[in-house]
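K.L.:
would you be able to build a 3D model of this:
(3 chains)
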Amino acid sequence: MTDGPLILWFRRDLRLSDQPMLAAAVASGRPVLPVFVLDPETEALGAAPKWRLGLSVEAFGKALEGVGLRLVLRRGPALAVLRGLVAETGAGGVWWSRLYDPASVARDTEVKAALKGEGIEARSFSGHLLHEPWEVETGQGGFYRVFTPYWKAMRGMAVAAPAAAPTRSRGVERWPVGERLADWRLGAAMNRGAAVVACYQSVGEAAAREKLGDFLEGPVDRYSEMRDFPGVAGTSRLSENLTYGEIGIREVWHAGLRARAEGRAGAESFLRELAWREFSSHLMHHTPRIVSGNWRAEWDAFPWRSDNPEAERWRRGMTGEPLVDAAMREMYVTGTMHNRARMVAASYLTKHLMTHWKVGLDWFADCLTDWDPAANAMGWQWVAGSGPDAAPYFRIFNPAGQAEKFDAEGRYRRRFVAELSQAPGPEAMAFFEAVPRSWGFAPGQAYPAPVVDLAEGRARALAAYGAGKA
DNA sequence: TGAAATGTTGGGGCG
DNA sequence: ACGCCCCAACATTTC
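P.N.:
Numbering: from 1, shown residues only, chains lettered A, B, ... in the order given. Next up, the predicted model:
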């Protein structure tokens, strides 16, 4: 049962170092067959993340070749594909690193049961998180619903040292035929602006590690303060790479620990942000409903608006509210959005526009190259007020006030909204290249009047909240 | 990881 | 010298 080649089923762990599954496989001495499967769950990704995943798969394939392996690509339902490969190669086992979103869990549970039933070793590993979601427990043995106590509990927990990358690995004798990545057309839905967005991606393990190094070299010192200013390059920008597992979270954590030990001022805040990522998966594991509906059921009665023309203006970066539009355009052009801008844009949609957070979440799922189901479900429900540990509904961000506080000079707004600048820079202009022709946008057009008066929008949201409580 | 409304305090101008 | 008003600055409460 434990002999024969090992199929290593890669999903969101596209790296060589800090890779428990790969380390264990190499240590076993068995020949390995790395596989990436384009299954229906992966096909369901939004436009930008699916396209970005393709870049990651490509980079990882090259990295594997560097250690004497190949990444075999196959398309189809995961179980069928894996069964097929087992039959073709006589593999004795299929290994993978765990994912925690409900769709992946359902798929992986089925795969594991089926393979085991057929006498094939099916084994899952950690790797995507610092701690398995069930390993962080309250004193009562339950799970955490509030971040601060969670952080207190996990902050001091030991994290295994990252495994080194294999230098040379033993592949299977005969490589099964794979499909060609280009034929999958993972960027098909990104024909809108992939060329533009591509400029802002840093793909693969080496790029991610370099970014981590650059961050810890300087910006980490002022991270606590600067991370709040969207016009300043004060963050690590690692979310994109962590999403696809291009760098291991344990490696990042240990690097943060070292920086803290060296007395670097922002290191503690940085570790705390890594804990937020971790916390979102903790919540998703214990309450999977967080990804699909209001975590607090009482919010089902709230008069959210479904999709509507103002929400469409929001998606298109044409609300007439400069900070919100800058945020939405940043996402469209670069595939990412500054954290504070995410909060402001989300608050604006769910409160001033009274639109259901799922409308916003769906658009983020289509546009973010760092799309993560757990982080986004938690984040959106936090802003909306429907989540665990959520901001109270009446905590409404004023986009103008936030702009005043966090983008006083207007650098961020002008960087992404061409209409606000005498001489718009390349990022502002790129928006007009990236958007679909059908939107009919052109540089030089007039900046729109606000779709909603801020005071009215706020008052309306509060009134709805008050009515719900009564 | 709010913002606005309301309350309080204290200094300065002024009669 | 004193009371009064104004208002900024800050604190507290409310949504």
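K.L.:
wait, isn't residue A:370 in contact with residue A:239?
P.N.:
Yes: using C-beta atoms under 8 Å, residue A:370 is in contact with residue A:239, at 3.9 Å. For the C-beta atoms, the positions are set from N, CA and C on the backbone; glycine is no exception.
K.L.:
which one of those two has more residues nearby?
P.N.:
The residue with more neighbours, out of residue A:370 and residue A:239, is residue A:370; 21 against 18, by other C-beta atoms under 10 Å.
K.L.:
write out the residues of the stretch 51-200 of chain A neighbouring DNA strand B.
P.N.:
Residues of the stretch 51-200 of chain A lying close to DNA strand B (C-beta under 7 Å from any atom of the strand) are residue A:147.
K.L.:
residues in contact with the residue of the stretch 51-200 of chain A found nearest DNA strand C?
P.N.:
As assessed by C-beta to the nearest atom of the strand, DNA strand C sits closest to residue A:146 within the stretch 51-200 of chain A, at 18.1 Å. Applying C-beta atoms under 8 Å, 6 or more residues apart in numbering, we find residue A:146 in contact with A:388-389.
K.L.:
repeat that with 10 Å
P.N.:
Residue A:146 sits next to A:138, A:279, A:388-389 when contact means C-beta atoms under 10 Å, 6 or more residues apart in numbering.
K.L.:
check residue A:332 too.
P.N.:
Taking C-beta under 10 Å, 6+ apart as the criterion, residue A:332 is in contact with A:48, A:192-193, A:196-197, A:315-317, A:363, A:367, A:416, A:430-431, A:434-435.
K.L.:
by neighbours, which of those residues wins?
P.N.:
Result: residue A:416 is most packed of those (other C-beta under 10 Å), 32 neighbours.
K.L.:
quick check: that one vs residue A:370, distance?
P.N.:
17 Å (C-beta to C-beta, to the nearest Å).
K.L.:
do residue A:328 as well
P.N.:
Distance of residue A:328 to residue A:370, computed by C-beta to C-beta: 16 Å.
K.L.:
do residue A:177 as well
P.N.:
Going from residue A:177 to residue A:370 by C-beta to C-beta gives 33 Å.
K.L.:
before we move on, back to that, identify the contacts common to residue A:370 and residue A:239.
P.N.:
residue A:336.
K.L.:
in the stretch 351-470 of chain A, mark out all the helices, start to finish.
P.N.:
Ranges of helices within the stretch 351-470 of chain A are A:357-367, A:373-384, A:399-406, A:411-416, A:426-434, A:454-469, based on DSSP state H, counting those that start in this stretch.
K.L.:
same question for the stretch 1-150 of chain A.
P.N.:
With DSSP H, counting those that start in this stretch as the criterion, the stretch 1-150 of chain A has helices at A:20-28, A:40-43, A:47-65, A:78-89, A:102-117, A:147-155.
K.L.:
the helix or strand where residue A:341 lies near DNA strand B anywhere?
P.N.:
According to DSSP states H and E, residue A:341 maps onto helix A:339-347. Yes: counting by C-beta under 7 Å from any atom of the strand, DNA strand B is contacted by helix A:339-347 at A:339-340, A:343.
K.L.:
now these in a markdown table, with pLDDT, distance to DNA strand C and neighbour count?
P.N.:
Listed next are the residues of helix A:339-347 next to DNA strand B as a markdown table, based on pLDDT from 0 to 100; distance: C-beta to the nearest atom of the strand, whole Å; neighbours: other C-beta atoms under 10 Å:
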| residue | pLDDT | distance to DNA strand C | neighbour count |
| --- | --- | --- | --- |
| A:339 | 97 | 23 | 16 |
| A:340 | 97 | 20 | 20 |
| A:343 | 97 | 17 | 18 |
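K.L.:
number of residues surrounding the nearest residue to residue A:173 once chain neighbours are set aside?
P.N.:
Computed as C-beta to C-beta, 6 or more residues apart in numbering, the closest residue to residue A:173 that is not its neighbour in sequence is residue A:31, at 6.9 Å. By other C-beta under 10 Å, the residues close to residue A:31 number 17.
K.L.:
can you pull the contacts of residue A:355?
P.N.:
Residues near residue A:355 by C-beta under 10 Å, 6+ apart: A:304-308, A:310-311, A:314, A:348-349, A:384.
K.L.:
now do the residue lying closest to residue A:18 once chain neighbours are set aside, the pLDDT please.
P.N.:
In space, and not counting its chain neighbours, residue A:18 is closest to residue A:248: 2.6 Å by C-beta to C-beta, 6+ apart. We have a pLDDT of 98 for residue A:248.
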